[in-house]
Structure formats: structure tokens, C-alpha cells
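Novice: Sequence and predicted structure are below.
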Amino acid sequence: MTSTACFMIISKNDIPIYEAEVGAAPKKEDIAQQHQFILNAALDIVQDVAWTTSSMLLKAIDRFNDLVVSVYVTAGNTRLMLLHDPRNDDGIKSFFQEVHELYIKIFLNPMYVPGSRITSTHFNTKVRALARKYL
């Protein structure tokens with residue numbers, strides 16, 4: 001598992017619907033908030049880059065110190081964003097694809113209101129397991 005990784009799902013309306021520190025737990029709450037800030041700041045870059053490519057996976061769109069922001073944009077313009085240490089791209093791509101499948105399952109649930117926070121403990125457990133497996 002990476003020493004640093006923060007994962008967020010951002011709705012098409014730029015509202016965070018899921019957040020998780022999937023790397024080693026940060027020692028301070030400030031660091032977790034800094035990771036969230038970095039990912040939110042990268043949203044403008046995602047908007048610009050997404051218009052220039054047809055690919056769903058946007059690799060290394062932003063950097064902050066030794067951390068890299070990678071993004072996976074779904075067909076519905078939901079952004080899966082990962083702040084991580086530089087790692088292999090194949091693991092990150094597989095992580096995004098499998099989390100996207102999990103997100104689709106949540107989205108297809110008739111009890112889920114699109115754009116609302118994802119509070120499922122099952123989803124959270126699966127995302128963390130995928131992070132351990134691929135990151």
C-alpha cells in the first residue's frame with residue numbers, strides 16, 4: 001500500500017460524495033484536510049483536460065510536492081480522484097476501473113439519491129480493499 005493516498009468521488013455538480021484516506025493513516029488531521037484541498041484545487045485542471053481527450057483516465061494531471069493527482073472521469077461526468085505517491089499506472093488504472101464498477105452498483109440502487117453522499121460501509125470496505133490490492 002502506498003504511504004500516502006487520498007481518494008474522492010466528486011459528483012458532476014462538484015460536490016464530494018465520498019472521501020477516504022486509503023494510504024497510511026495521516027498523523028494529523030491537517031494533512032487529511034490538505035489532501036482534500038489539493039484534490040479540490042485540481043478540479044479546474046480536470047475540467048480543462050477532460051475537454052481535450054476522449055480518455056476516461058487522466059494520468060498525473062497535477063502535482064503537489066511528491067504527490068500526484070490522477071483522475072478517472074465517468075460518462076456521467078463524475079470524477080474519481082486519487083492523490084498518491086508516484087506509482088505504476090497499471091495498478092491505478094485497475095483501481096479506478098474496479099471502483100467505477102462499485103460506484104455503478106451504488107448508483108443503480110433504487111434507494112440511492114444521485115449526487116448524495118455515499119455512506120455504505122460495504123462500499124467503503126471494498127474501496128479500501130481495492131486500494132490495498134492495487135496501490
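Specialist: That came through fine. Numbers count the residues shown, from 1 in each chain.

Novice: contact partners of the lengthiest helix in the chain?
Specialist: Ranked by residue count, the top helix of the chain under DSSP state H comes out as helix 89-107. Helix 89-107 has contacts (C-beta atoms under 8 Å, 6 or more residues apart in numbering) with 7, 9, 57, 59, 70, 72, 74, 78, 80, 82, 84, 112, 114, 118, 120, 123, 126-127, 130-131, 133-135. Yep, even glycine has a C-beta here, placed from its N, CA and C like the rest.

Novice: And the buried ones among those residues, selectable in PyMOL?
Specialist: Typed into PyMOL, the line below selects the buried ones among those, using 16 or more other C-beta atoms under 10 Å:
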select buried, resi 7+9+70+72+74+78+80+82+84+118+120+123+126+127+130+131+134+135
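
Novice: Break down this structure into its strands, ranges please.
Specialist: 5-10, 16-21, 57-64, 67-73, 79-84 (DSSP state E).

Novice: Averaged over its residues, which helix or strand of this protein has the lowest pLDDT?
Specialist: helix 29-41 (a mean of 75; mean pLDDT, DSSP states H and E).

Novice: Check which residues of that helix are buried.
Specialist: 32, 34, 35, 36, 38, 39.
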